[in-house]
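[1] 3D, please:
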Amino acid sequence: MKDLDESTAPLLEHLVELRSRLLRCVYALVLSGIVCYYFSDKIFAFLAQPLRDAYGPHGGKLVYTKLYEAFFVQLKVAIFGAFFVSFPVIANQLWAFVAPGLYAKEKRALLPFLLATPILFVSGAALAYYVVMPTAFHFFLGFQGNAGGVEVEALPSTESYLALVMQFTLAFGISFLMPVLLMLLNQAGIVSRAQLISVRRYMIVAAVAVAAVLTPPDVVSQLMLAVPLILLFELSLIAMWFTDRKRSAEAADEERAVVETGGGEQ
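    Residues are numbered from 1 along each chain as shown. Predicted structure coming up:
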């Protein structure tokens, strides 16, 4: 019974710690959500800027067809902003929970990936906001005008526009994390650089397929996601080449040290 208590105590301590860290993440999300809801009008104005630029100097408008739609749009904007604002806290709590179980060498190996994750995600989201969305919206609005004697005017709803912005942002942000995933798989020994090179053509097809699924059904948006994905894949291969050389050099140094130590003992 004593052995059982000793074996379950560490597990209970980990569960208690996990609960406390999850609660901190929830508190961070809730507090961020309250603050973002207060500034939801300004956040939505920022998200609507690409559409205003696409409309041009004459401007445009967003409509809502349900009485409760505007309120739920503000709520979604607050939740969307809360995830971005609270992400550093959530990442810090996750790292604080995992780090004690890692060796110093493993911590040094994971730290670059932790730093690269938010940078790559923000880079993808920024590309979507500043380049892809203005281009795509300008393309979509180009269908306005007279079509066979019928006046065609774009009147997007606030809910559909927000959903489209979130789709663009998350699609590009998450897709830009591909190098982190590939490098982690390579570090874990699951995937090698040679294997990825052998399936390069399939990865290009996969990038195009992912772009077709995650972006609206227009060729411009799909190419603007597929091309960066292919480039990121090639950059991952280059990064793996450097890490493979570094690992080989470290292994050679360790082997040399073992041989020298063994020779000294003799």
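
[2] To what extent is residue 254 buried, counted in neighbours?
    Residues lying near residue 254 (other CB atoms under 10 Å) number 10. Quick note: C-beta positions are derived from backbone N, CA and C, even for glycine.

[3] helices or strands up against the host helix or strand of it?
    Element membership of residue 254, judged by DSSP states H and E, is helix 219-265. In terms of contacts (3 or more CB pairs under 8 Å, 6 or more residues apart in numbering; DSSP states H and E), helix 219-265 is packed against helix 104-127, helix 133-141, helix 158-175, helix 178-187, helix 193-198, helix 200-214.

[4] The second one: how far from the chain's middle?
    Going back to what we said before, that points to helix 133-141. Helix 133-141 sits 23 Å away from the centroid of its parent chain (CA atoms, centre = their mean, to the nearest Å).

[5] Which strands or helices does that helix pack on?
    Counting contacts by 3+ CB pairs under 8 Å, 6+ apart, helix 133-141 packs against helix 40-55, helix 158-175, helix 219-265.

[6] Not including adjacent chain positions, what is the nearest residue to residue 192?
    Nearest non-adjacent residue to residue 192, counting by CB to CB, 6 or more residues apart in numbering: residue 186, 6.8 Å away.

[7] Determine the number of other residues adjacent to the one you found.
    Under the neighbour criterion other CB under 10 Å, residue 186 is assigned a count of 21.

[8] wouldn't it be in contact with residue 195 here?
    No. Assessed by CB atoms under 8 Å, residue 186 is found out of contact with residue 195, at 9.4 Å.

[9] between the helices and strands packed on helix 133-141, which one is nearest to residue 123?
    With CB to CB as the measure, helix 158-175 is the member of the helices and strands packed on helix 133-141 nearest residue 123 (8.3 Å).

[10] Pull out the buried positions in that closest one.
    Residues 158-159, 161-162, 164-165, 168-173, 175 are the ones in helix 158-175 that count as buried (16 or more other CB atoms under 10 Å).

[11] who are the neighbours in contact with residue 169?
    Taking CB atoms under 8 Å, 6 or more residues apart in numbering, we find residue 169 in contact with 125, 128-129.

[12] Could you turn the buried ones of these into a PyMOL selection?
    To isolate the buried members of those in PyMOL, using 16+ other CB under 10 Å:
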select buried, resi 125+128+129
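
[13] pLDDT at residue 9, what is it?
    pLDDT for residue 9: 50.

[14] again with the one 4 residues further on
    pLDDT, residue 13: 80.

[15] which residues touch it?
    Residues near residue 13 by CB under 8 Å, 6+ apart: none.

[16] Check the one 4 residues further on too.
    Under the criterion of CB under 8 Å, 6+ apart, the contact list for residue 17 reads residue 97.

[17] neighbours around the nearest residue to residue 114 once chain neighbours are set aside, how many?
    The shortest distance from residue 114 to any non-neighbouring residue, by CB to CB, 6+ apart, is to residue 95 (6.4 Å). By other CB under 10 Å, the residues close to residue 95 number 14.
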